[in-house]
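Undergrad: Structure, please.
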Amino acid sequence: MNNTQTNQKLRAMRLEAMAQLHEQQVSSNQHMQMTSDEYLGMLTDHQWEARQHQKSQRLLKLAGFRQKTTIEEINYGQQRNLDKNMFQRLTTLDFIAKNENLIITGASGLGKSYLSQALGHQACMMEYKVVYQNTARMLNRLKLAKVDGTYLKELRKINQTHLLILDDFGLQSMDNHARETILDIIEERYNTNSTIVASQIPVSAWYDIIGEGTIADAILDRLVNSSHRIDLKGQSLRKQPVL
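TA: All right, here's what the predicted structure looks like:
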């Protein structure tokens, strides 16, 4: 079998990265410097890495992040009340493996969204399914889904993710629909998947925002008690290039 036929068959099997590397190696005769086992191993590793990259990029796209973030660019300035050791432990994503939650609170402009999305980005790179949601927009969408009969389908999509990020939580008081929807989500994810909640409102005020004592108790019991907590302090970082 000649090299052209080999590349055609590799591409037919959707091994595009392997085919491209094989073509490059043969044209430059570099493959002659390796044993057959070394060469096969190199081609296989290259194809594997390409597949992993494609998968992580697909997960990043499906996550719907609002901005591009990386954990390497996080500012651990003392004025932020962000413990570097604690946050770096979170970046290992052990909390996702344990189905634990994370609550990030603090005033506007302190980087709550950035931190939550940076962890979400890391999770995608480690092949976890992630969904980023603005809480109010999600609740409005699910309210319409109840009308057109797609509510359970939409809820299932949300709850099948390994990590759900709820940003701007609690900016508005909740009506019956909103609190029942949040309970549906939190109850389904409890001890099964992880949730990150980012909010300008301190946790102590969530009970009043949720309203209706029985539902508020149920939500907070499932969400807060199994959560890591970050309470950011200081001045707004919006004018700074690195969050």
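Undergrad: Identify the residue nearest the geometric centre of this structure.
TA: Most central residue of the chain, judged by C-alpha distance to the mean C-alpha position with Cα atoms, centre = their mean, is Gly120 at 2.6 Å.
Undergrad: Tell me how far it lies from Leu164.
TA: Between Gly120 and Leu164 the distance is 9 Å, computed by Cβ to Cβ, to the nearest Å. C-betas here are computed from N, CA, C, even on glycine.
Undergrad: who touches both of those two?
TA: When Cβ atoms under 8 Å, 6 or more residues apart in numbering defines a contact, the residues bordering Gly120 and Leu164 alike are Val130, Ile196.
Undergrad: In the chain, mark out all the helices, start to finish.
TA: Applying DSSP state H to the chain gives helices spanning 3-12, 16-28, 36-63, 84-90, 94-97, 112-125, 135-148, 151-159, 176-189, 206-210, 213-223.
Undergrad: Which one, of those, ends up nearest to Ala198?
TA: For the helices of the chain, proximity to Ala198 was assessed by Cβ to Cβ; helix 112-125 is nearest, at 4.0 Å.
Undergrad: packing partners for the closest one?
TA: helix 36-63, strand 101-105, strand 130-134, strand 163-167, strand 194-199 (3 or more Cβ pairs under 8 Å, 6 or more residues apart in numbering; DSSP states H and E).
Undergrad: Format these as CSV; extra columns: mean neighbour count.
TA: Formatted as CSV, these follow (neighbours: other Cβ atoms under 10 Å):
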stretch, mean neighbour count
helix 36-63, 14
strand 101-105, 24
strand 130-134, 22
strand 163-167, 25
strand 194-199, 25
